[in-house]
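Novice: A structural model of the following input is requested.
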Amino acid sequence: MRMNADKQACGLDVDSQYVELAVEIFAMLADATRVRIILALREGEMAVGALAEVVGKSPAAVSQHLAKMRLARMVSTRQDGTKVLYRLENEHARQLVADAIFQAEHALGGQPSHHRMKGTAS
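Specialist: Have a look, this model is predicted:
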């Protein structure tokens, strides 16, 4: 009984109340620009203009994506003078994207680069 209570507490049971919300999060990440934004924000805060340059989209398009990601609580902002800086809200979106990239590497067959890197010093 205790084990089931632990699973329910963290939301990993098959009938968890979080399953539908998790699907919405995957839907939010089902966009290449948003995945690229998360990859760009792994190292820290960035302004819209810098993000737009990195992901190869217009600042207006990136702003729209960031607004949706902010509503989903994937990113948050900080004011720095007249600049608004965006950052990842927590490590989970970064980890979801990393795991999806790693799964994509597996889909190609052979030994994925993330497995080859484990043996090397970072």
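
Novice: Residues in contact with stretch 68-77: which ones?
Specialist: 24-25, 28, 34, 37-38, 41, 66, 84-89, 93 (C-beta atoms under 8 Å, 6 or more residues apart in numbering). Yep, even glycine has a C-beta here, placed from its N, CA and C like the rest.

Novice: Report the buried members of the residues you listed.
Specialist: With neighbours counted by 16 or more other C-beta atoms under 10 Å, the contacts of stretch 68-77 contain buried members at 25, 28, 34, 37-38, 41, 66, 85-86, 88-89, 93.

Novice: List the single closest residue to the residue nearest to the spatial centre of the chain in space, sequence neighbours excluded.
Specialist: Residue closest to the mean C-alpha point of the chain, counted by C-alpha atoms, centre = their mean, is residue 93 at 2.8 Å. Leaving aside its sequence neighbours, residue 93 sits nearest to residue 74 (C-beta to C-beta, 6 or more residues apart in numbering; 4.7 Å).

Novice: now residue 75
Specialist: Residue 75 sits nearest to residue 69 (C-beta to C-beta, 6+ apart), 4.6 Å away.

Novice: Show me what secondary structure element comes after whichever strand or helix holds that neighbour.
Specialist: Taking DSSP states H and E as the definition, residue 69 sits inside helix 59-71. Heading C-terminal from helix 59-71, the first helix or strand you meet, by DSSP H and E, is strand 75-80.

Novice: Neighbouring strands - and their directions - for that following strand?
Specialist: Counting by DSSP bridges, the strands paired with strand 75-80 are strand 83-88 (antiparallel).

Novice: From the chain's centroid, how far away is stretch 90-103?
Specialist: Relative to the chain's own centre, stretch 90-103 is displaced by 6 Å; criterion: C-alpha atoms, centre = their mean, to the nearest Å.
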